[in-house]
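Visitor: Need a 3D model of the sequence below.
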Amino acid sequence: MNKKLFLKLGLLLLSLSLVSCGQENNLAVEDDFSKSGVNQSVSGTQSSEEESIKTTSPSVENAVENKQEDEDVQKNTQQEATEDEYYIIIKEAWQKQKDYIDSIDDPKEKQSVQTSQSAAIMESNRLLIEHPEDSEAIEASLKRVINGE
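Guide: Numbers count the residues shown, from 1 in each chain. Now for the predicted structure:
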């Protein structure tokens with residue numbers, strides 16, 4: 001979607017620059033034929049081009065605003081997806097350790113191994129080191145795992 005928006009903005013800027021170049025060319029024609037009837041048609045073309053430029057400016061502003069809104073929605077969606085991915089990873093570490101603890105028969109040995117919560121915390125620390133930019137999502141995922149969600 002962002003590619004389409006950038007493409008549309010690029011085409012809009014390109015058309016505006018072509019309009020600008022066209023005005024320069026029209027001014028040169030105006031100088032050459034100032035005493036003929038071409039002068040009137042050139043000025044009519046210029047005014048219609050100026051009007052089209054004026055009418056496209058609000059659409060550019062709207063496109064920029066829409067782009068910002070789209071980016072915000074996309075960031076929120078990505079953050080939720082990222083948080084869910086980290087939740088699954090941390091939850092798997094928690095579950096793996098719990099299964100290991102449950103498989104131990106000797107009570108003394110059970111007490112000497114790492115807890116499930118500790119395994120989840122260690123996994124979240126590993127993820128924080130690998131992905132410091134996602135610290136909020138990782139911490140929220142860890143809270144969900146520890147709270148038993």
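Visitor: List the residues that contact Ile101.
Guide: Ile101 makes contact with Lys110, Val113, Thr115, Ser116, according to C-beta atoms under 8 Å, 6 or more residues apart in numbering. (Glycine included, C-beta is placed from N, CA and C.)
Visitor: from memory the third one sits against Gln97, does it?
Guide: Yes. The pair Thr115 / Gln97 is scored as a contact, 7.2 Å apart, by C-beta atoms under 8 Å.
Visitor: which one of those two has more residues nearby?
Guide: The neighbour comparison of Thr115 against Gln97 (other C-beta atoms under 10 Å) goes to Gln97, with 20 against 13.
Visitor: Report the contact partners of that one.
Guide: Counting by C-beta under 8 Å, 6+ apart, Gln97 has contacts Val113, Gln114, Thr115, Ser116, Ser118, Ala119, Ala120.
Visitor: could you redo the last one with a cut-off of 6 Å?
Guide: Taking C-beta atoms under 6 Å, 6 or more residues apart in numbering, we find Gln97 in contact with Ser116, Ala119.
Visitor: Which element, helix or strand, includes it?
Guide: Gln97 belongs to helix 38-103 when elements are defined using DSSP states H and E.
Visitor: picking that back up, restricted to helices, list the contacts of Ile101.
Guide: In helices, judged by DSSP state H, the following of these are found: Lys110, Ser116.
Visitor: Make a PyMOL selection of the buried ones in the contacts of Ile101.
Guide: Buried subset of those, written as a PyMOL selection, criterion 16 or more other C-beta atoms under 10 Å:
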select buried, resi 116
